[in-house]
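Participant: pasted the sequence and its predicted model underneath.
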Amino acid sequence: MTEHTEIPIRERNIVFIGFMGAGKTTIGKLVAKKLYRDFIDIDQELEKRHNRPVPQIFQELGEPVFRQMERDLIVSLCTNTRLKIISLGGGAYLNEDVRKVCLSHCIVYFIDLSWESWKERIPLIIDSRPILQNKTLDQIEELFLSRKSAYAIHHSKISTNQIDAETAAEQIVESIKLAWDLYQPNRD
């Protein structure tokens with residue numbers, strides 16, 4: 001597919017961005033099921049392709065190598081596939097190439113969660129997130145807030161502070177279907 005090919009909105013991949021542990025994978029799987037699309041979690045896909053968990057990739061190869069592998073996979077999926085639901089790792093969208101390809105080839109949803117709501121999840125996720133290891137709560141909050149400016153560049157967002165994953169998925173599907181009808185109505 002060339003850069004100049006305009007992908008019809010109904011065929012675009014839908015990409016979920018947001019901080020680690022915000023619910024991108026949980027919500028993404030629900031949206032995929034509702035829209036009859038395949039779901040791809042970038043971290044899980046990298047683990048499959050490299051036969052080791054993300055924390056091990058981080059430890060053995062280092063963050064720069066991991067980020068390059070992550071970037072290459074995302075760029076490939078966004079430019080060479082259609083009709084997928086893709087959940088990005090929390091740090092992936094900080095990469096300018098990733099942001100550009102997602103925004104130009106996909107529909108980007110920001111799963112927004114406040115710091116107060118998110119920090120309640122730390123005990124559930126800290127062991128599986130290498131970037132959080134050996135950090136104080138203040139350092140984690142600084143990381144959380146520093147990523148907000150990258151996440152602010154999206155097509156749509158949903159705040160999940162007061163709603164569960166099922167409700168979030170329903171609202172996202174409704175907004176996607178509305179966008180499809182507004183920007184590319186069916187010509188039956």
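Facilitator: Nice, thanks for sending it over.
Participant: so for the longest strand along the chain, what's the average pLDDT?
Facilitator: In the chain, taking DSSP state E as the definition, the longest strand is strand 106-112. Mean per-residue pLDDT for strand 106-112: 97.
Participant: paired strands for it, with orientation please.
Facilitator: strand 13-17 (parallel), strand 156-159 (parallel) (DSSP bridges).
Participant: would you mind identifying the next helix or strand past the longest one?
Facilitator: Stepping forward along the backbone from strand 13-17, the first helix or strand reached (DSSP states H and E) is helix 24-35.
Participant: tell me what that next one is packed against?
Facilitator: strand 13-17, strand 38-41, strand 84-87, helix 165-183 (3 or more CB pairs under 8 Å, 6 or more residues apart in numbering; DSSP states H and E). C-beta coordinates here come from the backbone N, C-alpha and C atoms, glycine included.
Participant: check the offset of the longest one from the chain's centre.
Facilitator: I take that to be helix 165-183. Distance, stretch centre to chain centre, for helix 165-183: 16 Å (CA atoms, centre = their mean, to the nearest Å).
Participant: only alpha carbons, please: show that helix as CSV.
Facilitator: The C-alpha coordinates for helix 165-183 follow below in CSV (Å, rounded to 0.1, in the frame of the first residue of the first chain):
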residue,chain,number,x,y,z
ALA,A,165,-14.8,-1.7,30.2
GLU,A,166,-18.1,-3.0,28.7
THR,A,167,-19.7,0.4,28.8
ALA,A,168,-16.5,2.0,27.4
ALA,A,169,-16.5,-0.5,24.5
GLU,A,170,-20.2,0.1,23.8
GLN,A,171,-19.7,3.9,23.6
ILE,A,172,-16.6,3.5,21.4
VAL,A,173,-18.5,1.2,19.0
GLU,A,174,-21.4,3.6,18.8
SER,A,175,-19.1,6.5,18.0
ILE,A,176,-17.2,4.5,15.4
LYS,A,177,-20.5,3.5,13.7
LEU,A,178,-21.6,7.2,13.8
ALA,A,179,-18.3,8.3,12.2
TRP,A,180,-18.6,5.6,9.5
ASP,A,181,-22.1,6.8,8.6
LEU,A,182,-21.1,10.5,8.7
TYR,A,183,-17.9,10.2,6.7
